[in-house]
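Q: here are the coordinates; sequence isn't available:
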């Protein structure tokens with residue numbers, strides 16, 4: 001089978017396994033990623049994970065402010081591309097870019113489209129308590145994840161699985177699915193199928209989205225902790241200071257009839273009353289302190305009977 005000329009556009013760590021797998025086929029002629037961004041307390045420029053992977057793989061790399069600029073479009077035209085593969089790139093592609101490659105632009109999306117179109121599909125699948133999710137490859141159009149579906153694969157979501165853990169699994173699955181998709185397009189064995197117009201959205205998360213409302217049912221609180229890990233982290237307030245919650249477990253402990261957010265008077269585990277049910281906090285982080293277990297928090301802070309708000 002003839003090798004294709006493929007450009008790859010991606011930015012986050014989710015895209016790295018896909019780039020690595022595609023690069024191993026010897027078909028990647030260019031990598032496009034986002035510019036370095038200020039990060040951390042010192043606001044020093046930080047390279048996207050895809051940039052670091054491309055440099056390690058010895059691949060040609062560009063970092064345009066926008067992939068849709070005339071300059072970038074001209075650069076892509078000169079490559080005579082067969083395909084543009086996209087994974088977690090972070091920019092919408094406009095028609096001149098989409099129509100450039102002979103076989104189109106293929107996106108690797110971490111949901112079972114048309115569910116969870118948008119920037120944070122893994123997080124919202126967990127936040128909404130989905131038991132099954134997956135990965136979709138599709139031909140891009142000018143909409144938000146609305147193009148014809150090529151291939152899909154399902155996975156079960158573990159009851160305590162965090163977004164970070166699920167993302168790592170889906171990234172690996174996405175890499176495998178991309179290779180299968182590229183081969184199928186090259187051979188002409190994949191038939192795109194239109195998506196339904198209606199779908200659900202997965203908008204980008206912000207730091208303030210992590211706040212826990214203890215009047216929620218315990219299952220929703222637990223899903224919030226899972227879906228916000230590792231970023232932006234679920235959080236609450238304890239004694240007027242920030243308390244991050246990194247891991248939790250949905251407890252079968254009967255509801256004690258206490259106000260939501262109350263720490264139950266039990267020393268064997270950090271149980272907190274919710275609007276309906278009880279959640280156990282397994283790993284937390286008081287403001288300015290290291291991460292610690294719920295039991296260590298009980299021993300160190302003596303919070304029994306107090307309320308998280």
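A: Alright, I've got the coordinates. This structure is a prediction, so every number in the text was calculated from the model and none was measured.

Q: Return the set of buried residues in the helix or strand harbouring residue 164.
A: Here residue 164 sits within helix 163-187, counting by DSSP states H and E. Neighbour-count burial for helix 163-187 flags 163, 165-167, 169-171, 173-175, 177-179, 181-182, 185-186 (criterion: 16 or more other C-beta atoms under 10 Å). Heads up, the C-betas are built off the backbone N, CA and C, glycines and all.

Q: Just after it, pick out the following helix or strand.
A: Next along the chain after helix 163-187, taking DSSP H and E as the criterion, comes helix 218-227.

Q: Show me what that next one is packed against.
A: helix 121-127, strand 241-251, strand 278-286 (3 or more C-beta pairs under 8 Å, 6 or more residues apart in numbering; DSSP states H and E).

Q: How about the contacts made by the residue lying closest to residue 45 once chain neighbours are set aside?
A: Nearest residue to residue 45, sequence neighbours excluded (C-beta to C-beta, 6 or more residues apart in numbering): residue 36, at 4.0 Å. Going by C-beta atoms under 8 Å, 6 or more residues apart in numbering, residue 36 touches 45-48, 51, 63.

Q: In helices, which of the residues you listed fall?
A: residue 51 (DSSP state H).

Q: so where's the stretch 51-200 of the chain shaky on pLDDT?
A: Applying pLDDT under 70 to the stretch 51-200 of the chain flags no residue at all.

Q: quick one: residue 213 and residue 229, what's the gap?
A: For residue 213, the distance to residue 229 (C-beta to C-beta, to the nearest Å) stands at 17 Å.

Q: between those two, who's got more neighbours?
A: Set side by side, residue 213 and residue 229 show more neighbours around residue 229, with 24 against 14, by other C-beta atoms under 10 Å.

Q: follow-up on the earlier one: the helix holding residue 164 - contacts with which helices or strands?
A: Looks like helix 163-187 contacts helix 16-23, strand 83-87, strand 105-109, helix 121-127, strand 132-139, strand 149-156 (3+ C-beta pairs under 8 Å, 6+ apart).

Q: The same query, at a cut-off of 6 Å, please.
A: helix 16-23, strand 105-109, helix 121-127, strand 132-139, strand 149-156 (3 or more C-beta pairs under 6 Å, 6 or more residues apart in numbering; DSSP states H and E).

Q: Mean neighbour count for these - can I get that in a markdown table?
A: Below are the helices and strands packed on helix 163-187 laid out as a markdown table (neighbours: other C-beta atoms under 10 Å):
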| stretch | mean neighbour count |
| --- | --- |
| helix 16-23 | 22 |
| strand 105-109 | 25 |
| helix 121-127 | 24 |
| strand 132-139 | 23 |
| strand 149-156 | 16 |
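
Q: In the stretch 201-309 of the chain, where is pLDDT below threshold?
A: If you take pLDDT under 70 as the line, the stretch 201-309 of the chain has no such spans.

Q: How is the chain divided into domains?
A: As given by automatic domain parsing, the domain ranges for the chain are 6-187, 207-301.

Q: The shortest one: how far from the chain's middle?
A: To tie it back to what came earlier, the one meant is domain 207-301. 23 Å (C-alpha atoms, centre = their mean, to the nearest Å).

Q: start to end distance for it?
A: In domain 207-301, first residue to last residue: 26 Å (C-alpha to C-alpha, to the nearest Å).

Q: if we can go back for a sec, who touches the helix holding residue 164?
A: The contact list for helix 163-187 (C-beta atoms under 6 Å, 6 or more residues apart in numbering) reads 1, 4, 14, 17-18, 21, 103, 106, 108, 110, 122-123, 126, 135, 137, 150-151, 153, 190, 227, 229-230.
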